[in-house]
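Undergrad: Let me see the structure of the following:
(2 chains)
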Amino acid sequence: MLYDNLSLGFATASTLANLGFCFIGVLLGTLIGVLPGIGPTATIAMLLPITFQIGDPTSALIMLAGIYYGAQYGGSTTAILINLPGESSSAVTAIDGYQMARKGRAGAALATAAIGSFIAGTVSTFLVALLAPPLTGIALQFGAAEYFSLMILGLISSIALASGSIVKALAMVVLGLLLGLVGTDIYSGTPRFNLGIREYSDGLNFVAVAVGVFGIAEILRNLEDEHERSVAVKKVSSLWPTREDWRRMAAPILRGTFLGSALGVLPGGGAILAAFASYTVEKRVSKNPGEFGKGAIEGVAGPESANNAGAQTSFIPLLTLGIPANPVMALMIGAMIIQGIVPGPNVATEQPALFWGIIASMWIGNVMLVVLNLPLVGLWVKLLTVPYYVLFPIIVGFCSIGIYSVNSNIFDLYSVAFFGFVGYVLVKLRCEPAPLLLGFVLGPLLEENLRRAMILSRGDFSTFVTRPISATLLILTVAVLVVVLLPSVRKKREEVFVDDE
Amino acid sequence: MVIDRANALCGAIFIAFGAYFGLNSLGMELGTPFRMGPGFFPLFLAGILIVLGLVIAIQAIRVEGDPIGSFPLRGMAFILPAPVIFALTLKGLGFVPSIFLTTLFASFASTRMRVPTALALAVVMTLFTTIVFVYGLNLPFRLFGPWLGQR
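TA: Okay, here's the model as predicted:
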């Protein structure tokens, strides 16, 4: 069964066109991941509109997935070479990777990151293939009440994994949910919260919200203080790790892979947590923990594997339940909806080629990344020297074209400016943008399932606790909240995220 | 008394959003839990948002936090209007002049940008996007619009 599915997947993913899209995605992702100042979420948000021009949804999603892990890879390259993590999950890589680079071992660090990511990617792709069908089976039994509870669990977990104040993260989720409701009420057709503007009656364009909150806000943050980036390494030589390196990286890669695979499934950015957790574990089991922070190869191998594995397994909740585990997955949901696919457990049965094609393309994409990244490191290093002030006008231009082309709606461009401003101010006030975007995507789904569940139960709120699966999910939610609010965990959490800043 | 200005402002923003959504929801049919109207769920959420905003604002009184820091006013003045410029000129001027102006305008967000560089950048960007989006991806843009006498 698994074999049949995987072979269907590989047959789909290895058509010439799809290989091409996967390649373009991976290349674009790496390119933009390497360019400083924009992380994977902003990258995908910006490139999303381009993928709409591709007619076939499978190809479009394969390309998007490629952009996602391409950007992850690119992010670790900048983390190692200029100590500037492209995204928070490679912040950990920067700690020891940059030190290795300063000691003239940039090549080995980059190779370790690539090899670790590849092994992690391979194992976790297999895990996705293995776990997705049974989970889909469970999900097919979900009714409206279960979906509602599941989304609540997802939203609350995303708060637990966000850095900073829990109350603020919660407020960001609620604000996101409310913004998601802008448009027209599906049951009664009543226009809601659209300021009387007819162009917003289909709701706020989520690409505009995502680009504003992540892309524009990030540009503004980079403009706060413009300083020269110093590239520690002008030339990378001796990519191949030594025998000693191989011996030292093996165990951390395996531990990182399993840690990452497990944590990646959690909603709310498991990849980041996975990287931090792996670093902590490696430091603890190491015979000489003093070496960490001064260029320990284990400190690169573990977290890099963990974050890649986490990135991969975060597709599990998306593909099986239609619930995003992180903002990038929220963007994928948006992409699916625009392509006319309803995300959820039915995708696997109704569109097996798409479902398994995406899974297989993940592995193919990982192979491409290893082949692509190591030989091209010289080119990436050159790219790092592109000054930022040249980059952001280009980014703004592309964003404008991209957002307009989603719906040909002029008003979406006003939304970008507005959400760029609001997003930036909120980030300045130490609020995380990720929960807002998750809330925004889930808002309409949450309301719809709530209303449907209430109609089915004839207005009885106890339906959420009397149905066993729903009750279990809600108990988990409460458990997550309690754990996060425990004083000891709170303290630990603050410590973990201190490095993140 | 110490006030954490970041948190005070943050709380105020959330309360303001909550008030906007809440008041609008009240103007709509609320319905019953059995058959919820369009205002039911948003009103509930708006209530939560206001409460959370209050909590954040109250916390601001007790602890002193880091200062908010300066805002990149120049950056904001040139980045945020750029998409709006694109929006306002696209239909009238057409794609080519519109993307040129948008990129050129955004360029000046950085103090390091010099006029010749900005012009060169805008020209290259215009050429590239015209080739990729209009000719390559066949997006339905008009190259030049009615304001320039094109029909």
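
Undergrad: what's the helix or strand of chain B with the lowest mean pLDDT packed up against?
TA: Of all the helices and strands that make up chain B, helix B:73-79 has the lowest average by mean pLDDT, DSSP states H and E, namely a mean of 87. Secondary-structure packing of helix B:73-79 (3 or more C-beta pairs under 8 Å, 6 or more residues apart in numbering or on different chains; DSSP states H and E): helix A:217-224, helix A:410-428, helix B:95-107. Just so you know, the C-beta spots here come from the backbone N, C-alpha and C atoms, and that holds for glycine as well.

Undergrad: so what does the next helix or strand after the first one touch, helix or strand wise?
TA: When you say that, I think you mean helix A:217-224. Going down the chain from helix A:217-224, the next helix or strand is helix A:243-264, by DSSP states H and E. Applying 3+ C-beta pairs under 8 Å, 6+ apart, we find helix A:243-264 packed against helix A:106-140, helix A:270-285, helix A:298-313.

Undergrad: CA atoms only for the least confident helix or strand of chain B - export them in CSV, please.
TA: This file holds the C-alpha atoms of helix B:73-79, laid out as CSV (Å, rounded to 0.1, in the frame of the first residue of the first chain):
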residue,chain,number,x,y,z
LEU,B,73,10.4,57.4,9.5
ARG,B,74,12.1,57.9,6.2
GLY,B,75,11.8,54.2,5.5
MET,B,76,8.1,54.2,6.4
ALA,B,77,7.5,57.3,4.4
PHE,B,78,8.8,55.7,1.2
ILE,B,79,8.1,52.0,1.6
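
Undergrad: Out of the helices and strands packed on helix B:73-79, the one nearest A:V207 is which?
TA: helix A:410-428 (7.5 Å; C-beta to C-beta).

Undergrad: Are that closest one and chain B in contact anywhere?
TA: Yes. Using C-beta under 8 Å from any C-beta of the partner chain, helix A:410-428 reaches chain B at A:I410, A:F411, A:L413, A:Y414, A:V416, A:A417, A:G420, A:F421, A:Y424, A:V425, A:L426, A:K428.

Undergrad: okay if I get these as a markdown table plus pLDDT?
TA: Output for the residues of helix A:410-428 next to chain B, formatted as a markdown table (pLDDT from 0 to 100):
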| residue | pLDDT |
| --- | --- |
| A:I410 | 88 |
| A:F411 | 89 |
| A:L413 | 91 |
| A:Y414 | 92 |
| A:V416 | 91 |
| A:A417 | 92 |
| A:G420 | 91 |
| A:F421 | 93 |
| A:Y424 | 91 |
| A:V425 | 92 |
| A:L426 | 90 |
| A:K428 | 87 |
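
Undergrad: For those, give me JSON lines that also has neighbour count.
TA: Below are those laid out as JSON lines (neighbours: other C-beta atoms under 10 Å in any protein chain shown):
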{"residue": "A:I410", "neighbour count": "15"}
{"residue": "A:F411", "neighbour count": "17"}
{"residue": "A:L413", "neighbour count": "25"}
{"residue": "A:Y414", "neighbour count": "18"}
{"residue": "A:V416", "neighbour count": "32"}
{"residue": "A:A417", "neighbour count": "22"}
{"residue": "A:G420", "neighbour count": "29"}
{"residue": "A:F421", "neighbour count": "17"}
{"residue": "A:Y424", "neighbour count": "27"}
{"residue": "A:V425", "neighbour count": "18"}
{"residue": "A:L426", "neighbour count": "24"}
{"residue": "A:K428", "neighbour count": "19"}
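
Undergrad: Out of those, flag the one nearest to A:L6.
TA: Relative to A:L6, the closest of the residues of helix A:410-428 next to chain B is A:V416; by C-beta to C-beta it sits at 40.3 Å.
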